[in-house]
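Engineer: Sequence first, predicted model second:
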Amino acid sequence: MATNLTGAEKFSTPSAPSPPYAPAMTALEVHQVRLPPPTTTVQKLRHRLSEIFFPDDPLHRFKDQTSFRKFVLGLQFFFPIFQWAPNYSFKLLKSDVVSGLTIASLAIPQGISYAKLANLPPIIGLYSSFVPPLVYSVLGSSRHLAVGPVSIASLVMGTMLREVVSDIDQPDLYLKLAFTATFFAGLFQASLGFLRLGFVIDFLSKATLVGFMAGAAVIVALQQLKGLLGIAHFTSKMQMIPVLTSAFGHRDEWSWETIVMGICFLVLLLITRQISMRNPKLFWVSAAAPLTSVIMSTALVACLKSKLHGIQTIGKLPEGVNPPSANMLFFSGTYLVLTIKTGIITGILSLTEGIAVGRTFATLKNYQVDGNKEMMAIGLMNMSGSCASCYVTTGSFSRSAVNYNAGAQTVVSNIVMAAAVLVTLLFLMPLFRYTPNLILAAIIITAVIGLIDYKGAYELWKVDKLDFLAALCSFLGVLFISVPLGLAIAVGISVFKILLHVTRPNTVALGNIPGTQVYQSLHRYTQAVRIPSFFILAVEAPIYFANSTYLQERILRWIREEEEWLAKNNGNSMKCVILDMSAVTGIDTSGIDLITELRRMLNQRSLKLVLVNPVGCVMEKLHHSNVLDSFGLEGLYLTVGEAVADISSSWKAQP
């Protein structure tokens, strides 16, 4: 007799209450629960490692290919430029030139601003917008990722390094620490990609990042009060209370000229941002606004410098391309641990943003981005950048969005952007001498406002309160403790959530949907009914040492509560407990001991324990442990329906 298991969706809408019991099930054909095909330990290990590290089977393209073809595919695999370059056309070039020049107009002022955010000389931000994009254009697989400094990585690096070394008192040492931390960030990123350990960054869940970025955005915005108010002496701390205390404690340093000009440009930038958000076709309005604001404010200060004495400017910036900085890296000494720690944290954050942005735009254009290759590309980009006076860079969401909307077709847009930055470095640096600090502060505030995802926080509250708690703790931790500790708190809560799910797995009492062989939750489906003399329970998690004790206690409690319900509702006494193991994806020796002990305890109470549909690896371990020998012919079934029908028939056959 065939069993129909495809109509569960018909019962998703609750109907009128059903009687507490379903009629006795008719006999079904009983199928044998089979062991998986025999495999050796080496084969199992190879398969498991392949599933962990190579879920995408990256070498499948090399099968059945000639040696020359394998060489070409290898070049394309490690250097994606060889994949798209042969088919590149003038039509694509026109689109990439337009988009490259567009993101350059955004990258130049942002590069200078974010370098200030990292407490580095402004010129380092421009250096970091020149070399890394060129490296990524050769190694990267995303067509729309616009590479350069980003606010979060800049903020974290500046905060962590400044806690130990002052960028004002020891500028040379601070610069060496920044370059060395960038090298370790790149080394860590490339290692994750090479060893295919990308799952490490998955510990930064969406909830963690929502709270962390919102908190960091508020702190960054408050730090810009120094530039917007014209304060010369400002705290270097990155907590909300010290920053506000410093801002209002130095009211005597406030400059009304700076405040008026800063607020005007800030309002202008916010208005252009809103225009582009409401009408994506006008993306160029917000993209051009930062550079336009820099030009306007610089010209204004230069023309009225005799009257605007209170406005602080960037000052003279060096001209020329990136000087080498390999000799500034150090791999021993007092600050080595600091640079490694800073590199790993900024590396994880920048990697998370870069891969997330790349995958977002790849989905929109229906192409695939290889996460591990991206890790290697971003890592090698940062390692090479650290030797060319650059600090941590990755794919920026704001610049990538502008790049996408401007019609970018390939990573050539990054090359065009780098060329525009090169022209700026060689010929236009004297023009930035009178650029006021207030405009950099306004640009940073406008950029970080986009990091406050209040809609995402509301969705977390609606969907998962524990995720919202993680986001809230991350947000408050960044605001009132510190940026690194706020991130650590959020990751800790995320890990706690994982441990909670592992150690306290879900268990569900099942009932039959009348007229079918479908068994669903009694709580979830009001039409599901109990089967007389049976108690059916599903475990929805692997059974490991971490949860075996809990599961034993919870299953015995389920049985006790079911017996109390039966006594209260004058039901038939319980004779059989069916454990549905369809969702038990793994088991260890502690889990096997749980099954053995549970069977022994139920046997003492004259209750029969039956296992249903253990998956292959679970079935194999149960077989090798000889646990199944004690269950007999009526102890293991393929489906709950077959178990109920077969055991009921055997009871009827008994005299």
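Structural biologist: Arrived safely, thanks for sending. Predicted model, so just to flag it, every value in this text is computed and none were measured. Numbers count the residues shown, from 1 in each chain.
Engineer: What segments of the stretch 401-550 of the chain are strands?
Structural biologist: Along the stretch 401-550 of the chain, counting by DSSP state E, counting those that start in this stretch, strands occupy 507-512, 519-521, 534-539.
Engineer: list the helices and strands the shortest one packs on?
Structural biologist: Think strand 519-521. With contacts taken as 3 or more Cβ pairs under 8 Å, 6 or more residues apart in numbering; DSSP states H and E, strand 519-521 sits against strand 507-512. Any C-beta I mention is one placed from the backbone N, CA and C, and that applies to glycine too.
Engineer: tell me the angle the strand it packs on makes with strand 534-539.
Structural biologist: Compare the direction of strand 507-512 with that of strand 534-539 by axes from the mean of the first three to the mean of the last three Cα atoms, to 10 degrees and you get 130 degrees.
Engineer: Which neighbouring elements make contact with strand 507-512?
Structural biologist: For strand 507-512, the packing partners by 3+ Cβ pairs under 8 Å, 6+ apart come out as strand 519-521, strand 534-539, helix 548-568, helix 640-653.
Engineer: Which positions in the third one come out as buried?
Structural biologist: For helix 548-568, the neighbour count (16 or more other Cβ atoms under 10 Å) marks 548, 551, 552, 554, 555, 558, 559, 562, 563, 566 as buried.
Engineer: from what I can see the fifth one touches residue 598, true?
Structural biologist: Yes: A contact is recorded between residue 555 and residue 598 when judged using Cβ atoms under 8 Å, the distance being 6.4 Å.
Engineer: Count residues in the vicinity of residue 628, would you?
Structural biologist: The tally of other residues near residue 628 (other Cβ atoms under 10 Å) stands at 18.
Engineer: ditto for the one 10 residues further on
Structural biologist: Here the number of neighbours of residue 638 (other Cβ under 10 Å) works out to 17.
Engineer: Setting aside sequence neighbours, what's the nearest residue to it?
Structural biologist: Closest residue in space to residue 638, ignoring its immediate chain neighbours: residue 31 at 4.4 Å, by Cβ to Cβ, 6 or more residues apart in numbering.
Engineer: and the one you found, what pLDDT?
Structural biologist: Looking at residue 31, its pLDDT reads 78.
Engineer: Residue 541 now?
Structural biologist: At residue 541, pLDDT is 90.
Engineer: Same check on residue 516?
Structural biologist: 89.
Engineer: For the residue nearest to residue 464 when sequence neighbours are not counted, which residues are in contact?
Structural biologist: Spatial nearest neighbour of residue 464, chain neighbours left out: residue 207 (7.5 Å); criterion: Cβ to Cβ, 6+ apart. Neighbouring residues of residue 207 by Cβ atoms under 8 Å, 6 or more residues apart in numbering: 460, 464, 467, 468, 470, 471, 474, 490, 494.
Engineer: And the pLDDT for the closest residue to the last one other than its chain neighbours?
Structural biologist: Using Cβ to Cβ, 6+ apart and skipping residues adjacent in sequence, the residue nearest residue 494 is residue 205, 4.9 Å away. Looking at residue 205, its pLDDT is 74.
Engineer: Relative to residue 375, how far out is residue 205?
Structural biologist: 18 Å (Cβ to Cβ, to the nearest Å).
Engineer: Pick out whichever of those two has more residues nearby.
Structural biologist: Using other Cβ under 10 Å as the criterion, residue 205 and residue 375 rank with residue 375 on top: 27 against 19.
Engineer: what about the more buried one, which helix or strand?
Structural biologist: Here residue 375, judged by DSSP states H and E, is contained in helix 371-386.
Engineer: Can you name every helix or strand that that helix contacts?
Structural biologist: By 3+ Cβ pairs under 8 Å, 6+ apart, helix 371-386 packs against helix 131-139, helix 171-194, helix 336-364.
Engineer: Summarise which helices and strands the helix or strand following it is packed against.
Structural biologist: Remark: after helix 371-386, the chain's next helix or strand is strand 394-395, criterion DSSP H and E. When contacts are defined as 3+ Cβ pairs under 8 Å, 6+ apart, strand 394-395 packs onto helix 336-364.
Engineer: chain center to the helix it packs on: distance?
Structural biologist: Its chain's C-alpha centre and that of helix 336-364 lie 10 Å apart, by Cα atoms, centre = their mean, to the nearest Å.
Engineer: Okay, angle between it and helix 171-194 too, please.
Structural biologist: Angle, helix 336-364 to helix 171-194, by the same axes, to 10 degrees: 50 degrees.
Engineer: Give me the mean pLDDT for helix 336-364.
Structural biologist: Here the average pLDDT along helix 336-364 is 87.
Engineer: Counting neighbours, which bits of that helix end up buried?
Structural biologist: In helix 336-364, counting by 16+ other Cβ under 10 Å, buried: 338-340, 342-355, 357-362.
Engineer: how much does that helix deviate in direction from helix 131-139?
Structural biologist: Going by the same axes, to 10 degrees, helix 336-364 makes 50 degrees with helix 131-139.
Engineer: about what we covered before: could you dump the strands of the stretch 401-550 of the chain into a markdown table and include distance to residue 111 and mean neighbour count?
Structural biologist: Compiled in a markdown table, the strands of the stretch 401-550 of the chain are given as follows (distance: least, Cβ to Cβ, whole Å; neighbours: other Cβ atoms under 10 Å):
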| stretch | distance to residue 111 | mean neighbour count |
| --- | --- | --- |
| strand 507-512 | 54 | 22 |
| strand 519-521 | 55 | 19 |
| strand 534-539 | 54 | 22 |
